[in-house]
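Engineer: have a look; sequence and predicted model below, questions after that.
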Amino acid sequence: MIQILLSSTRFLQCGVQTDFLNSAANRLRLSGVTDRIHTDTAPQSGPRPLPSARDGGKARELYLLLKQDISSGAYPLGSRLPSELRLADAFSVSRVTVRRALQALVEDGLIEKRVGAGSVVRGGAAAPLRADVATLMPQLVEMGARSSAQLLSFSYESAPPQIAADLGLTEGALVQTAIRVRSAEGRPFSHLTTRVPAEIARGYDEADLAMAPLFRLLERGGVRIASADQSVSATLATPDVAEALDVAVGSALLSLIRVVRDADGRGVEHLSALYRPDRFRLEMELSRVGEGGARHWEPVIGSAEDTA
């Protein structure tokens, strides 16, 4: 599992309330799934689809809430989920809906059904991949060596206007476009779309890109990478991305845009990376600096050996 998190105190990682049914039901109420809630203890959820509820609906909402609390540790390994009847009553849904949500958790390997014990947590997903914001570039290169990539497409096409502007190309300039899905432990966590000016991309082919990180191929071709502009936001999964990352259409994804430049300031790569937030985490350590009213937070930058 891979996740992204920003903070010195990991401020994007919300503490999960033990009184789950209150907060989880409030979110379900916002999505129109339920109109009432009972105070109890149960969990909240995270992004990802149901087999039978992949297209949406109450079962998927409940599945997401339960999955998030299992992933966050609100329901630790070996603990039991509330009974079907209790969940159905708490969320004002039918027991059939509850069973569909629980079956999706079973198929994800997050819980198991035990006679006499109900739904027991199996431990959830593997530990998330992490990257520090301050040293993200070298860590992403290293991550490429620790994960596998599947090349979905490789073609040459005219750069879209915004991509051409970002790379400093003339409108309609030819770029090499590649789409890959990167996985860890056999589970997809990122969808990568790279665009490289055609004259630079001639130094590698489809077979090369299927075997090696793009950074390595650019450097092999003599490109001296010097700097990059990078932004992080969020977006929703389109149908093709959802299929590649094994999530539901419309699921929330972390979006990273990076424009890489060489020593002469020329754009050499445009990357659009989409990450499953339950499997990729971006972290940042902050320190409090300054004096008096000028005190503020600053990122802690890794040492030279950390970023080499």
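Structural biologist: That came through fine. Numbering: from 1, shown residues only.
Engineer: in the stretch 51-200 of the chain, which spans are helices?
Structural biologist: 58-72, 84-91, 95-107, 136-146, 161-167, 198-201 (DSSP state H, counting those that start in this stretch).
Engineer: CSV for those helices, including mean pLDDT, distance to residue 174 and mean neighbour count?
Structural biologist: All C-beta atoms are positioned from the backbone trio N, CA, C, and that covers glycine. Below are these laid out as CSV (pLDDT from 0 to 100; distance: least, CB to CB, whole Å; neighbours: other CB atoms under 10 Å):
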stretch, mean pLDDT, distance to residue 174, mean neighbour count
helix 58-72, 81, 42, 25
helix 84-91, 90, 53, 20
helix 95-107, 90, 44, 19
helix 136-146, 52, 26, 15
helix 161-167, 93, 10, 16
helix 198-201, 95, 4, 18
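Engineer: so which of those is nearest residue 279?
Structural biologist: helix 58-72 (9.7 Å; CB to CB).
Engineer: which helices and strands does that closest one pack with?
Structural biologist: Helix 58-72 sits against helix 20-30, helix 84-91, helix 95-107, with contacts defined as 3 or more CB pairs under 8 Å, 6 or more residues apart in numbering; DSSP states H and E.
Engineer: now the second one: how far from the chain's centre is it?
Structural biologist: A distance of 30 Å separates the centroid of the chain from that of helix 84-91, by CA atoms, centre = their mean, to the nearest Å.
Engineer: how about the residue most central in space within the chain: what's its closest non-neighbour residue?
Structural biologist: For the chain, the residue sitting closest to the mean C-alpha position, by CA atoms, centre = their mean, is residue 276 at 2.2 Å. Closest residue to residue 276 apart from its sequence neighbours, by CB to CB, 6 or more residues apart in numbering: residue 189 at 5.1 Å.
Engineer: same check, this time on residue 75
Structural biologist: residue 121 (4.9 Å).
Engineer: likewise residue 171?
Structural biologist: residue 164 (5.3 Å).
Engineer: so how far is residue 109 from that neighbour?
Structural biologist: 44 Å (CB to CB, to the nearest Å).
Engineer: likewise residue 153?
Structural biologist: Taking CB to CB, one finds residue 153 at 30 Å from residue 109.
Engineer: ok, residue 92 next?
Structural biologist: 28 Å.
Engineer: residue 185 now?
Structural biologist: 12 Å.
Engineer: these two: which has the busier surroundings?
Structural biologist: For residue 185 versus residue 109, the count of surrounding residues by other CB atoms under 10 Å is larger for residue 185: 14 against 11.
Engineer: just the pLDDT at the more buried one, thanks.
Structural biologist: Listed pLDDT for residue 185 reads 81.
Engineer: ramachandran angles for it?
Structural biologist: Main-chain torsions, residue 185, degrees, to the nearest 10: phi 60, psi 30.
Engineer: the strands in this protein, which residues?
Structural biologist: In the chain, the strands defined using DSSP state E lie at 111-114, 118-121, 129-132, 148-158, 174-184, 187-197, 225-236, 252-262, 267-275, 280-283, 286-289, 296-299.
Engineer: check contacts around the closest residue to residue 257 other than its chain neighbours.
Structural biologist: Leaving out its chain neighbours, the residue that sits closest to residue 257 by CB to CB, 6+ apart is residue 231, at 5.0 Å. Applying CB atoms under 8 Å, 6 or more residues apart in numbering to residue 231 gives the contacts 256, 257, 258.
Engineer: what's near enough to touch the last one?
Structural biologist: Contacts were defined as CB under 8 Å, 6+ apart; by that measure residue 258 touches 228, 229, 230, 231, 269, 270, 271, 273.
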